[in-house]
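Participant: structure here, sequence nowhere to be found:
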């Protein structure tokens, strides 16, 4: 089996290189790849890559993710998040390949306190959310075999993330204020990649399992409580902090205005995914604890 992976150096793409390897031959690309085009801004080049490699499975882990910048770069955001997935879907249909694509809780309005189900009405608050929704809709409209995995609050031990930022600030500053009225579940890139490999196998065996699914760790927290948890783990590991967990101030979203509106409710209901693919997803603290152990050992 041949698999084309786009966005190989992103948080999820990096882990996918590992998880997809046992499935077959993996061609992993990013925007700087030379022999093949992996740049989602180059639509003709992208189509040519798919036609030339002729994969059985296309996994698109690339996206425009600069949420605030998208408000002023809407054309680029739509090109990468909507037009490029549409091209991939057209080529997947022609090849009868499976297209796996990642989306976001930002397609919802972010209201209420109930986890979002796949069938709930969509109403994005930002250009980023709208562009990701347009990508979903283009894929579904194409008629290609597809898996769309919506997730939220993604992190990995590689590179910078919320946890590493909190650790740095808690060592540098005398005080720290973090938003406490946005709810979600931090979800590890490693978990996303492992589940992706599992569901690809299942959908190839039973194409009727294709469609949209929500994939996130279980449980819930806020950014403030997440920050406190991170600092608690750091204290246990012996890190010297100027800001202790108890010192982290809880603030509302209105105290930290941004160009793009953030959803207050990023909870995702994952029961459909767990039932369809016989999965049990871990609590968010499990993955974050493992990630922190790796970071704090360095």
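Facilitator: Thanks, I have the structure now. Given the structure is predicted, the values throughout are model-derived calculations rather than measurements.
Participant: pLDDT weak spots in this structure?
Facilitator: Along the chain, segments meeting pLDDT under 70 span 298.
Participant: distance of the closest residue to residue 91 other than its chain neighbours relative to residue 128?
Facilitator: Distances taken as CB to CB, 6 or more residues apart in numbering put residue 50 closest to residue 91, at 3.9 Å, once the chain neighbours are dropped. Any C-beta I mention is one placed from the backbone N, CA and C, and that applies to glycine too. Distance, residue 50 to residue 128, using CB to CB, to the nearest Å: 25 Å.
Participant: neighbour count winner among those two?
Facilitator: residue 128 (26 against 23; other CB atoms under 10 Å).
Participant: name the SS class of that one, please.
Facilitator: Secondary structure, DSSP: H, G, I helix; E, B strand; the rest coil: residue 128 is helix.
Participant: enumerate every residue touching the residue nearest to residue 91.
Facilitator: Contacts for residue 50 (CB atoms under 8 Å, 6 or more residues apart in numbering) come out as 4, 58, 88, 91-92, 95, 97.
Participant: could you report the separation of it from residue 107?
Facilitator: 25 Å.
Participant: ok, residue 243 next?
Facilitator: As defined by CB to CB, residue 243 lies at a distance of 34 Å from residue 107.
Participant: look at those two and report which has more neighbours.
Facilitator: A count of neighbours by other CB under 10 Å puts residue 107 above the other of residue 243 and residue 107, at 27 against 20.
Participant: surely the more buried one meets residue 150?
Facilitator: Yes. Residue 107 is within contact range of residue 150, at 7.0 Å (criterion: CB atoms under 8 Å).
Participant: the residue nearest to residue 91 falls within a strand, correct?
Facilitator: No. Residue 50: not assigned to a strand; according to three-state DSSP it is helix.
Participant: over to residue 104: give its phi and psi.
Facilitator: Main-chain dihedrals, residue 104, degrees, to the nearest 10: phi -150, psi 160.
Participant: just give the nearest non-adjacent residue to it, would you?
Facilitator: That would be residue 132: by CB to CB, 6+ apart, it lies 5.1 Å from residue 104.
Participant: from the contact counts, what lies against the strand or helix carrying that neighbour?
Facilitator: Under the criterion of DSSP states H and E, residue 132 resides in helix 127-142. Using 3 or more CB pairs under 8 Å, 6 or more residues apart in numbering; DSSP states H and E as the contact test, the elements touching helix 127-142 are helix 74-78, helix 84-95, strand 98-104, strand 145-151.
Participant: to residue 256, which of those lies closest?
Facilitator: strand 98-104 (20.1 Å; CB to CB).
Participant: neighbouring contacts of that closest one?
Facilitator: 12, 56-61, 63, 85, 88-89, 92, 128-129, 132-133, 135-136, 139, 144-152, 192, 196, 200, 203-204, 210, 212.
Participant: quick one: that strand to helix 127-142, angle?
Facilitator: Angle between the axes of strand 98-104 and helix 127-142 is 150 degrees (criterion: axes from the mean of the first three to the mean of the last three CA atoms, to 10 degrees).
Participant: ok and strand 98-104 relative to helix 84-95, angle-wise?
Facilitator: Interaxial angle, strand 98-104 versus helix 84-95 (the same axes, to 10 degrees): 160 degrees.
Participant: direction included, what does strand 98-104 pair against?
Facilitator: In the sheet, strand 98-104 lines up against strand 57-60 (parallel), strand 145-151 (parallel) (DSSP bridges).
Participant: looking at these, which is buried most?
Facilitator: Across the strands paired with strand 98-104, averaging neighbours per residue (mean count of other CB atoms under 10 Å) puts strand 57-60 on top, at a mean of 26.
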